[in-house]
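Novice: below are the sequence and a predicted model for it; my questions follow.
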Amino acid sequence: MDTKTAYTFKELQRVLKERSKDLRIEFTSLTKREKDILAKTVKLSEEVGELANDILATMSLQRKSKLEAFDKQNLYEEFADVVIACFALGIAMRVDMDRALRQKLDKILTKYITDRS
C-alpha cells in the first residue's frame, strides 16, 4: 500500500477492508483480567471525553443544543467519574494508587517546580 497516495474515502475504505487481517489485533488470547483491563481503559476514555464535553460547555464552546442541556452539577459528576474510572483501572492493573499518587505529587512538588525556576 502506497502511503503517499491520496485516497478518496471510498478507496480508503476498500484498502482498509482488504488489509483488515493484516491490521487486526488478535484478542483471542486475552485472559479475563486482560479483557477487564481493556474494558476499564475504554471506560476511562469515555469518561474523559464526557468531562471534556462539560468543560467545553462551561466555557460556552459547545454547540447551542449542548449548551442548553448543560447542567453545571454534571461537571462535578464527570470529574468524579474520571477519578473513579482511573482508580478502577489502577486496581485492575494492580497499581498501588496511594503510592503512585504520593510519588507523583512528590515529583511534581520537587522536580517540576525546580525545573520551572
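Specialist: Sure thing, it's come through.
Novice: just the element for the residue nearest the centre of the chain, please.
Specialist: The chain has residue 45 as the residue nearest its centroid, 2.7 Å off, counting by C-alpha atoms, centre = their mean. Assigned by DSSP states H and E, residue 45 falls within helix 32-58.
Novice: where along this protein do the helices fall?
Specialist: 9-18, 20-23, 32-58, 64-69, 72-92, 97-107, 113-116 (DSSP state H).
Novice: reformat these as a markdown table; add mean pLDDT.
Specialist: Below are the helices of the chain laid out as a markdown table (pLDDT from 0 to 100):
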| stretch | mean pLDDT |
| --- | --- |
| helix 9-18 | 93 |
| helix 20-23 | 87 |
| helix 32-58 | 95 |
| helix 64-69 | 88 |
| helix 72-92 | 96 |
| helix 97-107 | 95 |
| helix 113-116 | 76 |
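Novice: returning to that earlier point: so the helix holding residue 45 versus helix 72-92, what angle?
Specialist: Angle of helix 32-58 versus helix 72-92, following axes from the mean of the first three to the mean of the last three C-alpha atoms, to 10 degrees, is 160 degrees.
Novice: tell me which other helices or strands helix 32-58 touches.
Specialist: Identification of packing neighbours for helix 32-58 by 3 or more C-beta pairs under 8 Å, 6 or more residues apart in numbering; DSSP states H and E yields helix 64-69, helix 72-92. Bear in mind the C-beta positions are built from the backbone N, C-alpha and C, glycine included.
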